[in-house]
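A.B. asks: Build the 3D model from these lines:
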Amino acid sequence: AGAVALMDNHTSDAFIVKRLKEHGAIILGKTNLTEWANFLSANSPNGYSAVGGQTLNPYGRKIFDTGGSSSGSGAAIAANYAVAAVGTETSGSILSPSGKSSVVGLKPTVGLLSRSGIVPISSTYDTPGPMTRNVTDNAIMLSAMTGEDSDDPVTLGKPWDKKYREEIETGTLEGLRFGVMKQFLRDSLYKLAVEKIAEMGGVIVEYEPERVPFERFGMVLGADMKADLASYLEKHASGEISFRSVADITEFNKEDTLNRIPYGQTLFVGMLSEDLAGEELEKAKTALHESGVLYFDKPMTEHNLDAVLSVNNLSAGMAATAAYPCLTVPMGYTEAGEPVSLTFIARPFEEDKLLKMGYAFEKATRKREAPEGYR
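C.D. replies: So this is what the prediction gives:
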């Protein structure tokens, strides 16, 4: 988690790492991330952790943001340090760094991939996902990580045995219907991508997104993290780790603020003062889920859409609460050279559909370029 508190946490492999190894993957190392998955401080820059330091963007070191929280995974793949990396997302933490580093990032439906052994924010919204330089590699890695895990009950009975890699080359945009949010058309790269999809036979439907309530999301994440981090520490922390709660770690950080929390720990402190729990917590989660589903499902149903098109992680919060999977694919660069990606959003467990769309778009556009100095 990039935290000094867990520096000596030498654990066994997470379930998805075991799956990767079973399929022959070679683990080269660990990447940096925005500490505690960007849920430690409101003041910390993306890509910073007390243990790993500041991750830099290969497309513009100290110029462009890395995105967060899986910043190191995005940067490592962009810089050709590995073929693939794992990211984790609660709300944007795969999509954001993938977009900023011009790599392909998939945020799967919660339940498709196991979370056991992964330092959590929220068991409601957390999911790991593959980050790669192309869609084909993404499909290969997703297939290798799937599987039922008895330690993560949300994976039980899910459609994890789809043939993502085998079917990807059948992907086409011909005749598919895509929802385009009108406000995003002000982005010239997005507009060009939409025009390209239309040229490829995709049907473009412009619409104004629903205005839906999106209240207490941060409070829900905090309530979940207090419970889920305590559970992680109990089940997975090695013997050298004595902490058992957010409160324990908050107190530990206060002992050496300069080295342990140079940007503060406002979100950790805020968590301790919140008391959202029980029935009220479940009501808040239900309300958020209903808002997220309405935001996507109403236009998708009304216009018979196959997917909604977004930019980078701009729709990540709603996709998280709706439990809709997202695939982001490079669509170009600004005049300054900063990467920007097109994000495809579909209904739950339609990752195969997303990968086919992404493959067809990638094949037709070939927008990704390796950063200077890393080719």
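
A.B. asks: quick one: residue 84 and residue 141 touch, right?
C.D. replies: Yes. In terms of CB atoms under 8 Å, residue 84 counts as a neighbour of residue 141; the distance is 4.8 Å. Heads up, the C-betas are built off the backbone N, CA and C, glycines and all.

A.B. asks: Show me whatever sits in contact with both of those two.
C.D. replies: 130, 132 (CB atoms under 8 Å, 6 or more residues apart in numbering).

A.B. asks: Got phi/psi on residue 366?
C.D. replies: phi 50, psi 50 (degrees, to the nearest 10).

A.B. asks: Look at it and say how many residues are nearby.
C.D. replies: Residue 366 is flanked by 10 other residues according to other CB atoms under 10 Å.

A.B. asks: residues contacting it?
C.D. replies: So residue 366 contacts nothing (CB under 8 Å, 6+ apart).

A.B. asks: now it: how far from residue 339?
C.D. replies: 14 Å (CB to CB, to the nearest Å).

A.B. asks: and what of residue 243?
C.D. replies: Between residue 243 and residue 339 the computed distance is 37 Å (CB to CB).

A.B. asks: State the pLDDT value of residue 24.
C.D. replies: For residue 24, the pLDDT comes out at 97.

A.B. asks: Next, it: secondary structure please.
C.D. replies: coil (DSSP: H, G, I helix; E, B strand; the rest coil).

A.B. asks: With residue 44 instead?
C.D. replies: Residue 44 ends up coil, using three-state DSSP.

A.B. asks: now the residue positioned nearest the centre of the chain, nearest residue through space, not along the chain?
C.D. replies: The residue lying closest to the centre of the chain (CA atoms, centre = their mean) is residue 94, at 2.6 Å. Closest residue in space to residue 94, ignoring its immediate chain neighbours: residue 87 at 4.0 Å, by CB to CB, 6 or more residues apart in numbering.

A.B. asks: mind listing what residue 157 touches?
C.D. replies: Counting by CB under 8 Å, 6+ apart, residue 157 touches residue 148.

A.B. asks: what's the spacing between stretch 215-235 and its chain's center?
C.D. replies: Centre-to-centre, stretch 215-235 and its host chain are 17 Å apart (CA atoms, centre = their mean, to the nearest Å).

A.B. asks: For it, output the C-alpha coordinates as CSV.
C.D. replies: Output of stretch 215-235 as CSV, limited to C-alpha atoms (Å, rounded to 0.1, in the frame of the first residue of the first chain):
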residue,chain,number,x,y,z
GLU,A,215,-24.3,11.7,-1.9
ARG,A,216,-22.1,10.2,0.8
PHE,A,217,-19.9,8.2,-1.6
GLY,A,218,-16.7,9.2,0.4
MET,A,219,-18.4,8.4,3.7
VAL,A,220,-19.4,4.9,2.4
LEU,A,221,-15.8,4.3,1.3
GLY,A,222,-14.5,5.4,4.7
ALA,A,223,-17.0,3.2,6.5
ASP,A,224,-16.0,0.2,4.4
MET,A,225,-12.3,0.8,4.8
LYS,A,226,-12.5,0.9,8.6
ALA,A,227,-14.1,-2.6,8.5
ASP,A,228,-12.3,-4.1,5.4
LEU,A,229,-8.8,-2.9,6.3
ALA,A,230,-9.2,-4.4,9.8
SER,A,231,-10.3,-7.7,8.2
TYR,A,232,-7.3,-7.6,5.8
LEU,A,233,-4.8,-7.0,8.7
GLU,A,234,-6.4,-9.9,10.7
LYS,A,235,-6.3,-12.4,7.8
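
A.B. asks: And the average pLDDT for it is what?
C.D. replies: For stretch 215-235, mean pLDDT rounds to 97.

A.B. asks: got the buried residues for that stretch?
C.D. replies: Buried residues in stretch 215-235, counted by 16 or more other CB atoms under 10 Å: 216-217, 219-230, 232-233.

A.B. asks: on that earlier part again, please report how far the residue nearest to the centre of the chain lies from residue 133.
C.D. replies: Distance of residue 94 to residue 133, given as CB to CB: 15 Å.

A.B. asks: repeat for residue 251
C.D. replies: Distance from residue 251 to residue 133, by CB to CB: 42 Å.

A.B. asks: Tell me the residue in the chain that is farthest from the middle.
C.D. replies: Of all residues in the chain (CA atoms, centre = their mean), residue 255 lies farthest out, 32.1 Å.

A.B. asks: do you know how far it is from residue 261?
C.D. replies: Separation of residue 255 from residue 261 (CB to CB): 10 Å.

A.B. asks: residues shared between the contacts of these two?
C.D. replies: With CB under 8 Å, 6+ apart, residue 255 and residue 261 have no common neighbours.

A.B. asks: Skipping adjacent residues, who's closest to residue 203 in space?
C.D. replies: With CB to CB, 6+ apart, the residue lying closest to residue 203 is residue 177, at 4.5 Å.
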